[in-house]
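>>> need a 3D model of the following:
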Amino acid sequence: MLDQKARVQVTIPSLFQSPTISDFINLVTKITEQQNPQPTYVSKTSVLPYQRAKLTRTQQQFWLFWRIKPDNCYYNVPMAIEIHGMVNKDALSQSLQCLVERYDALRIVCYEQDEGCLRVRVRETNVNNEDHDVSHLSYVSRLTINIELAENLLKLAVENDCTLYTLVLTIFKCVLSVFSHNSTDIVIDTIISTRSQPYVTGLFGPMINTLALRTRLPDTPETTFIDVFNTVKQTLSFAMENHECPFADIVNCLRQVSSDKSLLTYMPLFRVIFEMNGYDMINSEKKFSDRTTWTSFSDHSLLLPYTKSNTDFQVTDHGAAQEISMLFDINRAIFEEKTAEKLCACFVTAIYCVVKNPTCLKNDLWKEIQQTGSNIQTPLTIHECFNQQAVCDPTAEAVVYKNIRWTYADLLHRAVQIGAILQQDFNVTQHTIVGLCMKRSPDLIASMLGISVKQTDYCYSIYTSGSTGRPKGITIQHQAVVRRIRTDNQFINITPYGRTAQLTSCSFDVYILEVYGALLNGALLIIYDNNYLFQPKLLAFMFQSDKISHVYIPIPIFNMLVEHVPGAFGGMDCILFAGDRANPRLMRNVLVQSQPSPKQLVNVYGPTEITCIATCYQASIESLDKIIRHGSQVPIGIPLPSTSVYSVHHYSLDLTSDDDEGELLIGGFGVSDGYLKMPEKTALSFIPNIFENNIDHLYRTGDIVKQLRDGNISFIGWLDDQVKIAGYQLSDTDIAIIGMSARYGLLENSSEFWHTLVNRTDYCSHVSTEELKQSGFEQLLKQNPNYVYAACTMKNANCFDHVFFEISKRDATITDPQHRILLDSAYEALEDAGLVTDKYSGTIGMFAAVYRDTNADYYKLFQANPLEIFDEAREQSDISMFDPATVMRVEIGNMIDGAATFIAYKLDLNGPAMAIQTACSSSGTALHVALRSIEADSGYNYQPGMVLSKTGFCRSFDEQAAGVVGGDCAGVVVLMKAKAVKLGYTIRCLIKGHAVNNDGRKKTSCSVTSPDIQAQCMKKALTMANINNPTHEISYIEVHGPGT
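Numbers count the residues shown, from 1 in each chain. Reported below is the predicted structural model:
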């Protein structure tokens, strides 16, 4: 009326911003003053018979959908009502005729006129529109909200100054967020009327427009439902102010500035429609001229037979008096039939929670919705889901491996063949465990699908890694796997256009995310060989060339790939990683440096016992910046919709409060029934659920977690003193090498030494006979023809930075070079470990083995021959044979028993300092004593040292071996318990077993060891390492030679 009478346009949001009459008058006055010039209105133009008329955008869309599917009446008859009762047919007929006479549109017949082609270059081809049908069969579920609950909703809407539509839309977005794995960016479509201008008010027909409502839901620990509601209300208010902007124009503009392929699909920007009528379809109080009322009849919405939908998900309110009657219509090609039922149940739960407590925390509301959804089970097996995809699109590619490319039909055919052979030739029946020992290949995938099953049968029996003790067999049902793939993991969002990489071994349960995640969703699975994992540049190239959209990758491989090729994940839809603590800086590098940035970066957590995944954390640049800023670690996230988690005190099993550490218990749909043929272990790890009646049992993970205030879970560690390295769990009592330093002849560090070994390079110095003669050694060669000048002389052995170690030049000169090199190497090893002695609160010990004191021998020779060949050296070192202080310095600086004490003094090591001298086994014994010292918590750190060949070459494990080659070397390793990883130190390797013994009188001679006694020593070390079958359990051997 204001538009027509006062020529003032007032938007719906403006009405809600003016709750009182006084405010509304002020608003109208303000708008009137601002409208200059006066708005002009387009007048309605009539169309004469047989006159050509241009279609509006909405009419063009309706015409196109009708041509694609002529038998679909959705856009002409969007809803129907079935009436039961005594109806006056004549009166009804007259009423309908009156409507036909009143509205021209009901009497007009439109004819199409083909404009033809301007220039025909190819013959026109008849196209079967069925091949291009973008609509899908749908599942429909009806929901009726009773009058009492509907009134409470309306009351709540009035209290918050909004329409019922806004409130119900907010609740629906909350449910959709949960089903989208707690996504905070929700876009849905709604259909609105565009009859705001006077000239269209009385027109008959669909005066509508599409609004894409995008809401970024607030996500903080303190967020309440009211906060979410206010955010949605703001979004809707902005949309209503711009509701006349044609949706098609928005899409066209976006296509010009964005390359997103979804803008070219049949439903750009959204896949979900939410419609709610703002009026009653039937007014039960209205009286007619014959004094009858609608209360004389019964009516209900009629489901029309065209059960096809152009969207993935549509919710429609058909209105029925004071009740709210809604239809949940979902795409059958994507969702299961139970999903519609689950959506209805979760929607009702959300409404009850909001009505009961509108200020409830968002996280609490999300948990209630998740719990409701987890109670509805999925009836399908993996095979049934795969068959659906194979029937839907049999020619689509299913598996690619090297030059092998199988379609879904090929894979299904191969699986059926394998299943027939298993049943006919091997009599495989239900509950028979079929072992698969195959490399990754399409045949392995077909074998997995070739075993006929029921939903309650076990999908697989897989063993834990055994890193915590004895490996344990886990059996998981088919319905649990299907649940994980098709219901719980909406955040992965694999579509038939997806391309998933298979990187992990099928010996680990995460393979189900790769294999079944792709095949149960119609996507393509691309199999990679294991060697790709250790070639980051090649792997990154393959990701890009194969256009991988989804990948699951262990965290160690993820870290290595990001460090070498940060942009390897560019353009991907989802990246899942797990198996270790995530590095927030590397995760941020992926989001920042990848072009375009991946849509989903998810840190997941889950033991084998609960079907792969229990929780997940979706990272963003903002959340990672916050984690880095506070120095905290990346959380393992929130539980999946069908999973319940509890943090409890280890002994009492009482729930912990927020920010308190406790043991993590996991319950829900994916929890295994227990360990295979291990009832005792099962009873310890799988316990009855004492918290909820609808969940049978809980799994005790043995993991320590902390429940954060924002609802996320932070992983702390393991109850059984375990640390984890590269996905393997290790005990805190294990001992690791965390730093090292090595100088071998001309090689100055361990990297050069390793490179020399790999390339089989000889690094000893060799001088020919002619060179020896030229150097004045001709007489020596005549006296000793067996003399071979070959040795590993240490490079820069006399170089020493005495200023750095705060040693005077004089003291450094008279100190044994071995001590100096050992001091230098010890410092380098500590530096390599990242260990600063003056800041470390623990104890550091020194266990050293050095060769005889050659410098002391030199000094005694100097005393005996002061006037001979050592005059020059005496002058340079300023040594006096008559100075008692000098004699004392020489003794201290050259005692082999004092080397460890000397280094401990200079490096401020506060643990035990011991010199180990056991002849040729000194360095090995030093290692053994150091390990024993660490086991007794008395310190860590150890030192090795050095041995002749007839030919001048050392040929280890060679039939031409003729001895060793003497040389100079220094080696230092830094030892610490495996808890070093918790302190930030890098673990180079673990020492699982060690032993030391002596031959006694059982050796051939004093200097020749007994093979039998050495074997006994090795067996003792193997026993300590819990290695029962060395042939199969040890794949690589390095031998430590004698004389060191």
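
>>> other residues contacting stretch 748-755?
740-744, 747, 761, 795-796 (Cβ atoms under 8 Å, 6 or more residues apart in numbering). For glycine as for every other residue, the C-beta is placed from the backbone atoms N, C-alpha and C.

>>> now the buried members of the residues you listed.
740-744, 747 (16 or more other Cβ atoms under 10 Å).

>>> can you tell me which of the contacts of stretch 748-755 are in helices?
If you go by DSSP state H, the contacts of stretch 748-755 have nothing in helices.

>>> show me the strands in the stretch 751-900 of the chain, by range?
Under the criterion DSSP state E, counting those that start in this stretch, strands of the stretch 751-900 of the chain are mapped to 765-766, 790-791, 846-848.

>>> mind putting the buried ones among the contacts of stretch 748-755 in JSON lines, distance to Ala980 and pLDDT included?
What follows is the buried ones among the contacts of stretch 748-755, written out as JSON lines (distance: Cβ to Cβ, whole Å; pLDDT from 0 to 100):
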{"residue": "Met740", "distance to Ala980": "14", "pLDDT": "86"}
{"residue": "Ser741", "distance to Ala980": "17", "pLDDT": "85"}
{"residue": "Ala742", "distance to Ala980": "20", "pLDDT": "82"}
{"residue": "Arg743", "distance to Ala980": "24", "pLDDT": "80"}
{"residue": "Tyr744", "distance to Ala980": "26", "pLDDT": "77"}
{"residue": "Leu747", "distance to Ala980": "27", "pLDDT": "79"}
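
>>> got TSV for the contacts of stretch 748-755, with distance to Lys342 too?
TSV is the format used below for those (distance: Cβ to Cβ, whole Å):
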residue	distance to Lys342
Met740	57
Ser741	61
Ala742	62
Arg743	67
Tyr744	67
Leu747	66
Thr761	66
Lys795	72
Asn796	73
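
>>> nearest to Cys162, of those residues?
Closest to Cys162 out of these is Met740 (67.8 Å), distances taken as Cβ to Cβ.

>>> could you measure from the closest residue to that closest one other than its chain neighbours over to Met1024?
Among residues not flanking Met740 along the chain, Val973 sits closest, at 4.7 Å (Cβ to Cβ, 6 or more residues apart in numbering). Distance, Val973 to Met1024, using Cβ to Cβ, to the nearest Å: 19 Å.

>>> neighbour count winner among the two?
Val973 (24 against 13; other Cβ atoms under 10 Å).

>>> Ile991 reaches Ile738, doesn't it?
No - with contacts defined as Cβ atoms under 8 Å, Ile991 does not count as touching Ile738, sitting 11.3 Å away.

>>> please say which of the two ends up with more neighbours.
When Ile991 and Ile738 are compared for neighbours, Ile738 comes out ahead with 26 against 19, by other Cβ under 10 Å.

>>> wait, a strand at that one?
Yes - assessed by DSSP: H, G, I helix; E, B strand; the rest coil, Ile738 belongs to a strand.

>>> for it, give me its contacts.
833-835, 974-976, 980, 985-988.

>>> distance to Asp249, secondary structure and neighbour count added to these, as JSON lines?
Supplementary listing: the contacts of Ile738 in JSON lines, determined by distance: Cβ to Cβ, whole Å; DSSP: H, G, I helix; E, B strand; the rest coil; neighbours: other Cβ atoms under 10 Å:
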{"residue": "Ala833", "distance to Asp249": "64", "secondary structure": "helix", "neighbour count": "24"}
{"residue": "Gly834", "distance to Asp249": "60", "secondary structure": "coil", "neighbour count": "14"}
{"residue": "Leu835", "distance to Asp249": "65", "secondary structure": "coil", "neighbour count": "21"}
{"residue": "Val974", "distance to Asp249": "68", "secondary structure": "strand", "neighbour count": "25"}
{"residue": "Leu975", "distance to Asp249": "70", "secondary structure": "strand", "neighbour count": "24"}
{"residue": "Met976", "distance to Asp249": "66", "secondary structure": "strand", "neighbour count": "23"}
{"residue": "Ala980", "distance to Asp249": "62", "secondary structure": "helix", "neighbour count": "25"}
{"residue": "Tyr985", "distance to Asp249": "60", "secondary structure": "coil", "neighbour count": "18"}
{"residue": "Thr986", "distance to Asp249": "58", "secondary structure": "coil", "neighbour count": "14"}
{"residue": "Ile987", "distance to Asp249": "60", "secondary structure": "coil", "neighbour count": "18"}
{"residue": "Arg988", "distance to Asp249": "63", "secondary structure": "coil", "neighbour count": "15"}
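
>>> closest one of the residues you listed to Glu806?
Among the contacts of Ile738, and counting by Cβ to Cβ, the member closest to Glu806 is Leu835, at 19.4 Å.

>>> where does the closest one fall, phi/psi-wise?
phi -110, psi 120 (degrees, to the nearest 10).

>>> residues contacting it?
738-739, 844, 974, 985.

>>> biggest separation within those, which pair?
Ile844 and Tyr985 (12.8 Å).

>>> what about the residue nearest to Tyr552 when sequence neighbours are not counted, helix or strand, and which?
Nearest non-adjacent residue to Tyr552, counting by Cβ to Cβ, 6+ apart: Leu576, 4.4 Å away. Here Leu576 sits within strand 574-578, counting by DSSP states H and E.

>>> what helices and strands are in contact with the next helix or strand after that strand?
Once the chain leaves strand 574-578, the next helix or strand it forms, by DSSP H and E, is helix 584-593. Judged by 3 or more Cβ pairs under 8 Å, 6 or more residues apart in numbering; DSSP states H and E, the packing partners of helix 584-593 are helix 555-564, strand 600-605, helix 621-630.
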